[in-house]
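> Got a predicted model here, sequence first, then my questions.
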Amino acid sequence: QVQLVESGGGLVQFGGSLRLSCAASGSIFRVYSMGWERQAPGKQREQIARISGAGRTHYADSVKGRFTISRDNAQNTVFLQMDGLEPEDSAVYYCNADGLRNTTNYSPFNVWGQGTQVTVSS
């Protein structure tokens, strides 16, 4: 089993910052890409940032220039530094990772975290 555990959400004022973390654990041979999505009430789920195993990043236009995704490959952990937060950023944030399990046949995995709430007050 491979699991993702997120942390770092909370309540912050307009213009503030938060840093989310997401650690992958379990029977892992290799983690490929990792990323973050978010879902606000009544809105579609939105992919906001992704980072490849080689460190290439991609951001949604809605967060470009304000959010920074990074990773610690040794710890199988992905981070999301969120600066200049706005009330529109309020949502449940989910992390995702894909890779290969440390099993006889190196079966692939694609797993999601449980989500962490981010609330930005105006």
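Looks like it arrived, so ask away.
> Relative to residue 98, how far out is the most far-flung residue of the chain relative to its centre?
Most distant from the centre of the chain: residue 104, at 28.5 Å, with distances by Cα atoms, centre = their mean. Counting by Cβ to Cβ, to the nearest Å, the separation of residue 104 from residue 98 is 19 Å. (C-beta placed from N, C-alpha, C; glycine too.)
> list the buried ones in stretch 29-45?
31, 33-38 (16 or more other Cβ atoms under 10 Å).
> Please read the previous query as pertaining to stretch 91-102.
In stretch 91-102, counting by 16+ other Cβ under 10 Å, buried: 91-101.
> Out of the residues you listed, flag the one nearest to residue 19.
The closest of these to residue 19 turns out to be residue 93 (Cβ to Cβ; 11.4 Å).
> on that earlier part again, of all the buried residues of stretch 29-45, which comes closest to residue 119?
Nearest to residue 119 among the buried residues of stretch 29-45, with distances taken as Cβ to Cβ, is residue 38, at 11.9 Å.
> Go ahead and confirm the closest one touches residue 49.
No - the criterion here is Cβ atoms under 8 Å, and residue 38 misses it with residue 49 at 9.6 Å.
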